[in-house]
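Enquirer: pasting the sequence and the predicted coordinates here, then a few questions.
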Amino acid sequence: MQTVVAIITITSLAVPVVLPLLVYLLFKTEFSIPFPNMVLILSAGLLVPLASGWATKRYLPNAAKLIERRSFPISLIAIIMINLGLFAKFSSYFFEDLPFVAATTALAFGLFGIYGLLG
């Protein structure tokens, strides 16, 4: 579990550098992410939940054990709320370019299926 958290944290922190590079290499177009916006998004979606989890385990171990037993529904609700908060600003895009969103979603499910088959 700790390895997964470490990988997610490292790859998320690499996004501001890697994403513009990948966009340039794949699409030959410039792409920049404003640093303050990226810090806010990473903080809201990654650092705050991570720090909250560590603080709960350290200072409220009984509550952490209770949460751990019921972690799946709690995590699912938290992920949904984080995504709604992060992507609310871009919600109109999902309706403007629906074929692209559908193709990207299908590709994500396909890649997840391949990953699941390969282990």
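Expert: The structure has been received and is ready for your questions.
Enquirer: how about the helices of this structure, start to end?
Expert: Ranges of helices in the chain, per DSSP state H, are 2-27, 35-42, 48-59, 61-69, 71-87, 91-96, 98-118.
Enquirer: over the longest one, what's the mean pLDDT, rounded is fine.
Expert: When you say that, I think you mean helix 2-27. For helix 2-27, the mean per-residue pLDDT is 79.
Enquirer: may I ask which helix or strand of this structure has the lowest mean pLDDT?
Expert: Within the chain, confidence by mean pLDDT, DSSP states H and E is lowest for helix 91-96 among all helices and strands, at a mean of 76.
Enquirer: so how far is that helix off the chain centroid?
Expert: Centroid separation between helix 91-96 and its chain, computed with C-alpha atoms, centre = their mean, to the nearest Å, is 19 Å.
Enquirer: would JSON lines of the helices of the chain with mean neighbour count be doable?
Expert: In this view, the C-beta of every residue, glycine as well, is placed from N, C-alpha and C. Converted to JSON lines, the helices of the chain look like this (neighbours: other C-beta atoms under 10 Å):
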{"stretch": "helix 2-27", "mean neighbour count": "11"}
{"stretch": "helix 35-42", "mean neighbour count": "12"}
{"stretch": "helix 48-59", "mean neighbour count": "12"}
{"stretch": "helix 61-69", "mean neighbour count": "11"}
{"stretch": "helix 71-87", "mean neighbour count": "11"}
{"stretch": "helix 91-96", "mean neighbour count": "10"}
{"stretch": "helix 98-118", "mean neighbour count": "10"}
